[in-house]
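Participant: A predicted structure for the sequence below; I have some questions about it.
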Amino acid sequence: GKSAGAGEGVPVGGERSKGTEPRIAHSPSDNQILAQTIVKNLDTGEVIPLSEADKRIPRGSVNPLSEHLIKRTSEMAASSMYDDEGEHRRRSKFKLKWRKRKEDRQLSVEGSAPSDDEATPTLPALEKDREQELKYKASSHFKGKQEFERVRLRQDLTGQHLGAVWVMEFSICGRLLATAGQDSVVRVWVLRTAYQFFHELQAKYQRMGVHSSGDSLSERVSVTSTTSSKSSDPDEEGGGKPFLDHPLCSYYGHTADILDITWSKNFFLLSSSMDKTVRLWHISRKECLCCFQHVDFVTAIAFHPRDDRYFLSGSLDGKLRLWNIPDKRVALWNEIEGVGSHLITAANFCMNGKFAVAGTYDGRCIFYDTEHLKYHTQIHVRSRHGKNRGRKISSVEPLPGEDKLLVTSNDSRVRLYNLKDHTLSCKYKGCLNTSSQIRATFSRDGRFIICGSEDNNIYIWQTHHDISKLSSGRRDRNEYYESFSAHSSQVTAAVFAPVPGISVDEGLRDVGQMMVAADYQGCIKVYVNSDRL
């Protein structure tokens, strides 16, 4: 009449003893198997049962916009495939203990709790992680000169953002960097060499009393000035760090994740959010200057390149809007038709403002003439054979000085299109981008393309690789990337500094490229490609 003790029972296929009551053999339940399987989070070192892994795994591979899109489209097949891919990527972070290499330290499994070293990393642990050596890699097909094998970590700006950084953008002058994401705050970082100029600009507007709140800037400026008012030379107090260690200013007002930001030529800044608004800021003020209300998430925004009194916004309601900022109203709009396929996930101007382009959830780039916002043409972004359906467009960016458009999509590809005949010029492979809003961007001179990745790496391609050095004849495919990583989670944003020499030091003009990357944990790191630094 007593129940079997722990560890007792008849295994499947086993024989029962004579004279005993027949007992049904049970296989261990799924929960028991998961509870007995110990795994290790390679990001944090934490050792936990596999049954707890789902609750503890960082959801770095799925951002809130992607989750919303899955629910919104009601495409069960696409949702199932997405979930399978996302689950596979999340599970891949956890390696079974018996698969670890023999030289790795052995960890106790039975009756032992994770040690302090294996728990969630503390600040000192994060500091140690920031100092880890960069891991450089070039693709196996790579031929020619390796441009970025000398990349070094120059500065770590981690500690300000809470949660993922979804978007970063340098001002046109290259002296300000805006970052934003999950914590709904826009932060603006300033180069040490440019601090004095912007500090005086803020003080000027404060003295003028343009806004009713007299201390609107004083509190924010005082925080910066106490730590860096003497830092006109980055090597004097900053140890050669390009940026001040604290933001020049932080803008509060959004109530949900910020999805996009864009600069005008004269230091105005726009931010769009999942709170269905676009907000206008200026570097001289702390307050929001204007709020442009939408009826759905605003996924993309862009100032008009020739007239920054206007800006473009793309929204999940399927409408592309051209806003008149002084009048605070929509000047022109157009709507993408369809159910599920009308969701706008990217938008920008191209050909110096002649056309506006919207990227959609189903993998199309739709072009409109800017003057009347009338339909012009469209490109289906998918494989050459066209067998697969299009995947979400996460960004569109014009190539400086040329009539070409760079398109990033959730099939882990970056494509360059010729806008004269709308043909594919080149397809860049290497990065992993299956569900994120990761975007590829150009260097200021257009020579290089940089992109974050879900595999925690930063990928760089030459825009026009020397085809003569390649053994294959494919001129429309570029698998010749260089990559490096010092991040422990997916790299959600990566950009080149517009003016690399000025960014690092006013006295150095040949230091190579400077790059800034941010990840899902809110870490922001500054890299310089030079032996001298």
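Facilitator: The structure has been received and is ready for your questions.
Participant: okay, and for the stretch 351-500 of the chain, where does confidence drop off?
Facilitator: 384-388, 466-475, 500 (pLDDT under 70).
Participant: do that again at 80, thanks
Facilitator: Low-confidence segments of the stretch 351-500 of the chain (pLDDT under 80): 383-389, 465-476, 486, 499-500.
Participant: One more: the stretch 151-300 of the chain?
Facilitator: Under the criterion of pLDDT under 80, the regions of the stretch 151-300 of the chain flagged as low confidence span 206-240.
Participant: Which parts of it are strands?
Facilitator: For the stretch 151-300 of the chain, strands defined by DSSP state E, counting those that start in this stretch occupy the ranges 151-156, 165-170, 176-181, 186-190, 249-251, 258-263, 268-273, 277-282, 290-293, 298-303.
Participant: Please apply the same query to the stretch 301-450 of the chain.
Facilitator: Under DSSP E, counting those that start in this stretch, the stretch 301-450 of the chain gives strands at 310-315, 319-324, 329-335, 344-350, 355-360, 364-369, 374-380, 393-398, 404-409, 413-418, 423-429, 441-442, 448-451.
Participant: hang on, the earlier thing: out of the strands of the stretch 151-300 of the chain, which comes closest to residue 489?
Facilitator: strand 165-170 (10.8 Å; C-beta to C-beta). Any C-beta I mention is one placed from the backbone N, CA and C, and that applies to glycine too.
Participant: Would you map the helices across the chain?
Facilitator: In the chain, the segments counted as helices under DSSP state H are 30-36, 50-56, 64-73, 76-92, 123-130, 195-208, 218-228, 234-237, 500-504.
Participant: For stretch 327-344, output the C-alpha coordinates as PDB.
Facilitator: Provided in PDB are the C-alpha atoms of stretch 327-344 (Å, rounded to 0.1, in the frame of the first residue of the first chain):
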ATOM      1  CA  ASP A 327       2.500  74.200 -39.300                       C
ATOM      2  CA  LYS A 328       2.500  71.000 -37.100                       C
ATOM      3  CA  ARG A 329       0.400  69.100 -39.500                       C
ATOM      4  CA  VAL A 330       0.500  66.500 -42.200                       C
ATOM      5  CA  ALA A 331       1.300  68.100 -45.600                       C
ATOM      6  CA  LEU A 332       0.900  64.900 -47.700                       C
ATOM      7  CA  TRP A 333       0.200  61.200 -47.100                       C
ATOM      8  CA  ASN A 334      -0.300  58.000 -48.900                       C
ATOM      9  CA  GLU A 335      -1.400  54.600 -47.800                       C
ATOM     10  CA  ILE A 336      -0.200  51.100 -48.600                       C
ATOM     11  CA  GLU A 337      -3.000  48.700 -49.200                       C
ATOM     12  CA  GLY A 338      -3.400  45.100 -48.100                       C
ATOM     13  CA  VAL A 339      -4.000  43.100 -44.900                       C
ATOM     14  CA  GLY A 340      -0.800  42.300 -43.100                       C
ATOM     15  CA  SER A 341       1.300  43.400 -46.000                       C
ATOM     16  CA  HIS A 342       0.700  47.100 -45.500                       C
ATOM     17  CA  LEU A 343       2.700  47.400 -42.300                       C
ATOM     18  CA  ILE A 344       5.500  50.000 -42.800                       C
END
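Participant: What residues sit buried inside it?
Facilitator: Neighbour-count burial for stretch 327-344 flags 332, 334, 336, 341, 342, 343, 344 (criterion: 16 or more other C-beta atoms under 10 Å).
Participant: can you check stretch 284-301 too?
Facilitator: Of the residues in stretch 284-301, those buried (16+ other C-beta under 10 Å) are 284, 285, 286, 288, 292, 294, 296, 297, 298, 299, 300, 301.
Participant: end-to-end on it?
Facilitator: Separation of the first and last residues of stretch 284-301 by C-alpha to C-alpha, to the nearest Å is 21 Å.
Participant: ok, back up a step: tabulate the strands of the stretch 301-450 of the chain (CSV), appending distance to residue 200.
Facilitator: Supplementary listing: those in CSV, determined by distance: least, C-beta to C-beta, whole Å:
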stretch, distance to residue 200
strand 310-315, 28
strand 319-324, 31
strand 329-335, 34
strand 344-350, 32
strand 355-360, 37
strand 364-369, 41
strand 374-380, 45
strand 393-398, 33
strand 404-409, 37
strand 413-418, 41
strand 423-429, 43
strand 441-442, 31
strand 448-451, 33
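Participant: Just name the most buried of those strands.
Facilitator: strand 355-360 (a mean of 27; mean count of other C-beta atoms under 10 Å).
Participant: same for it, what does it pack against?
Facilitator: Strand 355-360 sits against strand 310-315, strand 319-324, strand 344-350, strand 364-369, strand 393-398, strand 404-409, with contacts defined as 3 or more C-beta pairs under 8 Å, 6 or more residues apart in numbering; DSSP states H and E.
Participant: Residue 357 against residue 397, yeah?
Facilitator: No: at 9.8 Å, residue 357 does not count as touching residue 397 under the criterion of C-beta atoms under 8 Å.
Participant: Tell me which of the strands of the stretch 151-300 of the chain lies nearest to residue 446.
Facilitator: Of all the strands of the stretch 151-300 of the chain, strand 165-170 comes closest under C-beta to C-beta, at 15.0 Å.
Participant: What residues sit buried inside the closest one?
Facilitator: Those would be 165, 166, 167, 168, 169, 170, for strand 165-170 by 16+ other C-beta under 10 Å.
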